[in-house]
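# build me a model:
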Amino acid sequence: MKQAISSDFKLGILGGGQLGKMLTLAASNWDVNTYVLDPNPDCPSKTTATDLTVGSFNDYDAVYAFGKDKDVITVEIESVNIEALRKLEEEGKQVFPDTKALSIIQDKGLQKQFYSDNGIATSDFELFETTADIRTAIENGTVTYPFVQKLRTGGYDGKGVAVIKSETDLNLLLEGKSVVEQMVNINKEIAVIVARNTKGEVKCFPAVEMEFNPKANLVEFLFSPAAISEAHENEAEQLSRSIVEHLDFVGLLAVELFIDNDGKMFVNEVAPRPHNSGHQTIEGNVTSQYQQHLRSILGFPLGSTAITLPSVMINILGEEGYEGNVVYDGMEKCMTVEGAKFHIYGKKITKSFRKMGHATVIDKDLESAKKKANYIKEHLKVIA
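Predicted coordinates:
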């Protein structure tokens with residue numbers, strides 16, 4: 001591979017959302033040229049990438065044409081055209097993560113089966129072709145309440161997920177091929193960001209704890225470090241290492257895990273890219289997840305994942321009931337919070353619960369950081 005720094009090297013990124021924006025910003029510190037493919041001409045990466053190609057990362061022709069002159073191709077979203085990437089691989093292009101790993105992770109059914117086949121702890125599940133098949137299984141007693149239905153492809157940020165607690169919720173069932181999981185009695189939801197480079201070196205960031213918005217079913221707060229035992233920290237790291245090694249994965253993998261009321265740990269699902277659960281690493285760790293992803297796919301040694309200061313990340317979400325040209329109300333007041341770092345993604349239109357940015361609060365004391373983050377939640381409103 002040609003030298004990635006200070007050269008004519010071209011890093012191709014499929015997806016130009018906020019993750020792509022933060023990845024291109026990290027790459028610019030090393031003078032790595034970044035080329036982004038995204039269907040939105042005003043995507044967040046527009047102002048930070050070396051070049052933006054407007055086109056669909058789901059379209060075979062668009063992905064193939066985009067990738068032909070790139071030295072390394074990576075993703076900031078997993079729902080990309082696998083067949084085009086596979087063709088590029090056959091022609092000698094370096095794609096990280098590779099299409100074998102991406103094809104498994106894209107499909108939540110294949111992903112769950114992968115865990116089962118490799119002895120990786122995950123919740124009990126069953127695969128279904130249609131909603132009618134799920135209803136039949138309920139009638140036969142092979143599926144019991146409460147359970148969670150996840151569409152096998154296309155879901156993200158709480159979309160493509162139905163929580164069925166009783167018969168009265170059956171109207172919420174989604175149509176399409178899906179995974180049905182028995183509901184876990186969750187005590188904590190945590191995440192580990194794990195990186196593996198082209199030489200097989202693996203490093204994990206310390207586990208973080210997630211707190212979800214009850215209406216939107218997406219992460220609202222993230223706490224680093226997670227309030228878990230050393231045994232659970234070690235178990236989370238071992239599960240994360242096991243996944244990347246069994247997948248022969250190169251790049252950054254976000255591993256979301258449950259700890260149930262009995263202290264048992266399960267892998268929920270993974271994302272093959274930088275992730276919401278790693279935003280706080282920009283300010284709170286020696287190496288950010290974006291730098292680590294670049295180190296992984298460019299073949300550099302992995303950086304230290306040590307925590308520099310405890311941190312709380314809060315997602316800045318569009319206020320419920322607002323849609324239109326975005327207004328950040330209360331930003332000046334929140335800028336007075338000591339240790340608060342703001343990342344505004346550059347999306348022009350706000351919608352209910354849309355991720356418009358995030359703030360990370362760093363502090364020597366995690367409880368103090370939590371109070372500051374709650375202040376920001378109360379005073380910073382994204383409206384139209």
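# wouldn't residue 379 be in contact with residue 334 here?
Yes: between residue 379 and residue 334 there is a contact at 5.5 Å, judged by Cβ atoms under 8 Å. Any C-beta I mention is one placed from the backbone N, CA and C, and that applies to glycine too.
# what backbone torsions are found at the nearest residue to residue 106 once chain neighbours are set aside?
Nearest non-adjacent residue to residue 106, counting by Cβ to Cβ, 6 or more residues apart in numbering: residue 78, 5.4 Å away. Main-chain torsions, residue 78, degrees, to the nearest 10: phi -90, psi -20.
# the closest residue to residue 167 other than its chain neighbours: how many residues sit nearby?
Setting aside the residues directly before and after it, residue 167 is nearest to residue 145 in space (Cβ to Cβ, 6+ apart), at 7.4 Å. Neighbour count of residue 145, defined by other Cβ atoms under 10 Å: 13.
# over to residue 95?
Residue 95, neighbours per other Cβ under 10 Å, totals 27.
# tell me what it is bridged to.
residue 73 (DSSP bridges).
# what about it, distance to residue 67?
8 Å (Cβ to Cβ, to the nearest Å).
# residue 379 and residue 334: which is more packed in?
residue 334 (19 against 15).
# check contacts around that one.
The contact partners of residue 334, taken as Cβ atoms under 8 Å, 6 or more residues apart in numbering, are 340, 342, 359, 375, 376, 379, 380.
# of these, just the buried ones, ChimeraX syntax please.
Burial among the contacts of residue 334 is assessed by 16 or more other Cβ atoms under 10 Å; the matching ChimeraX selection reads:
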select :340,342,359,375,376,380
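# closest one to residue 208 out of the contacts of residue 334, please.
residue 359 (15.3 Å; Cβ to Cβ).
# tell me the SS of the closest one?
Assigned by DSSP: H, G, I helix; E, B strand; the rest coil, the conformation of residue 359 is strand.
# what's across from it in the sheet?
With DSSP bridges as the rule, residue 359 is bridged to residue 314, residue 342.
# hmm, back to that, the residue nearest to residue 167 reaches residue 168, doesn't it?
No: counting by Cβ under 8 Å, residue 145 stays clear of residue 168, with 10.0 Å between them.
# excluding its backbone neighbours, what's nearest residue 293?
residue 252 (4.0 Å).
# and the pLDDT for the residue nearest to the spatial centre of the chain?
The centroid of the chain falls nearest to residue 275 when counting by Cα atoms, centre = their mean (3.0 Å). For residue 275, the model assigns a pLDDT of 97.
# check the one 4 residues further on too.
Looking at residue 279, its pLDDT reads 98.
# the longest helix anywhere in the chain packs against which elements?
Counting residues, the longest helix found in the chain (DSSP state H) is helix 230-247. Judged by 3 or more Cβ pairs under 8 Å, 6 or more residues apart in numbering; DSSP states H and E, helix 230-247 is in contact with helix 99-106, helix 108-117, strand 186-196, strand 202-204, strand 251-260, strand 265-271.
# and residue 4, which of the three is it?
Relying on three-state DSSP, one would call residue 4 coil.
# that one contacts residue 34, correct?
No: the criterion here is Cβ under 8 Å, and residue 4 misses it with residue 34 at 10.8 Å.
# anything in contact with each of these two?
Joint contacts of residue 4 and residue 34 (Cβ under 8 Å, 6+ apart) are residue 11.
# quick one: which of the two has more around it?
Neighbour totals were compared for residue 4 and residue 34, and residue 34 leads with 25 against 21 (other Cβ under 10 Å).
# what's across from that one in the sheet?
Going by DSSP bridges, residue 34 forms beta bridges with residue 11.
# and it, what does it touch?
11, 13, 23, 24, 27, 28, 45, 48, 49, 50, 51 are the contacts of residue 34 under Cβ under 8 Å, 6+ apart.
# what sits closest to the fifth one if chain neighbours are left out?
Taking Cβ to Cβ, 6+ apart as the measure, residue 27 lies nearest to residue 34, with 5.0 Å between them; neighbours along the chain are not counted.
# pLDDT weak spots in the chain?
For the chain, the stretches with pLDDT under 70 are 1, 157.
# show me the domain layout of it.
10-95, 124-182, 186-383 (automatic domain parsing).
# show me where the stretch 1-150 of the chain has strands.
10-14, 33-38, 51-54, 72-75, 94-95, 125-128, 147-151 (DSSP state E, counting those that start in this stretch).
# distance from the chain centre to the shortest one, please.
For strand 94-95, the separation from the chain centroid amounts to 20 Å (computed by Cα atoms, centre = their mean, to the nearest Å).
# which elements pack onto it?
Using 3+ Cβ pairs under 8 Å, 6+ apart: strand 94-95 touches strand 72-75, helix 82-90.
# picking up where we left off before, what's the overlap in contacts for residue 95 and residue 67?
Common neighbours of residue 95 and residue 67 (Cβ under 8 Å, 6+ apart) are 73, 85, 88.
# enumerate every residue touching the second one.
To tie it back to what came earlier, the one meant is residue 85. Applying Cβ under 8 Å, 6+ apart, the residues near residue 85 are 63, 67, 73, 95, 99, 102.
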